[in-house]
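S.K.: With the input below, show me the fold.
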Amino acid sequence: MSHPDDLHPALSTGRSLMDLKDGEGGIIRANHDRKSAEMGLFPGVRVQMFRNRKHERSLVIGAGEARFLVSRAIAKKVEMEG
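M.R.: This is a model prediction of the structure:
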């Protein structure tokens with residue numbers, strides 16, 4: 001089981017999951033949304049953006065073999081490396 005501090009590293013990069021463009025990938029640095037972290041979007045996981053349209057309320061991302069529909073509110077809480 002992970003320690004609560006593992007979900008909240010001290011320094012922020014300022015880049016969130018919502019900033020990824022279609023086709024872009026990245027590694028999760030921190031996730032400040034416990035529910036999505038428990039579903040598999042935790043620090044160290046590589047994600048791929050499939051659909052990020054400004055006029056839509058949710059994003060479509062992939063992590064491993066799984067696909068997720070993530071709300072913009074949650075995507076703002078997921079910090080990306082770099």
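
S.K.: Where do the helices of the chain begin and end?
M.R.: All helices of the chain, identified by DSSP state H, fall at 34-38, 72-75.

S.K.: quick check: mean pLDDT across the shortest one?
M.R.: Read it as helix 72-75. Across helix 72-75, the average pLDDT comes to 97.

S.K.: Using PDB, list the CA coordinates for that helix.
M.R.: Extracted C-alpha coordinates of helix 72-75, given in PDB (Å, rounded to 0.1, in the frame of the first residue of the first chain):
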ATOM      1  CA  ARG A  72     -11.400  18.100 -16.700                       C
ATOM      2  CA  ALA A  73     -11.700  18.800 -13.000                       C
ATOM      3  CA  ILE A  74      -9.800  15.500 -12.200                       C
ATOM      4  CA  ALA A  75      -7.300  16.000 -15.000                       C
END
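
S.K.: So which of the helices of the chain is nearest Met49?
M.R.: helix 72-75 (9.7 Å; Cβ to Cβ). Using the backbone N, CA and C atoms, a C-beta is placed for each residue, glycine as well.

S.K.: can you pull the buried residues of that closest one?
M.R.: Buried residues in helix 72-75, defined by neighbour count with 16 or more other Cβ atoms under 10 Å: 74-75.

S.K.: for that helix, packing partners?
M.R.: strand 58-63 (3 or more Cβ pairs under 8 Å, 6 or more residues apart in numbering; DSSP states H and E).

S.K.: contacting residues for Glu24?
M.R.: 48-49 (Cβ atoms under 8 Å, 6 or more residues apart in numbering).

S.K.: Now do it against Gly62, distance only.
M.R.: 12 Å (Cβ to Cβ, to the nearest Å).

S.K.: gap between Val45 and Asp22?
M.R.: 19 Å.

S.K.: The two: which is more packed in?
M.R.: Counted by other Cβ atoms under 10 Å, Val45 and Asp22 do not tie: Val45 has more neighbours, with 16 against 12.

S.K.: All set now, cheers.
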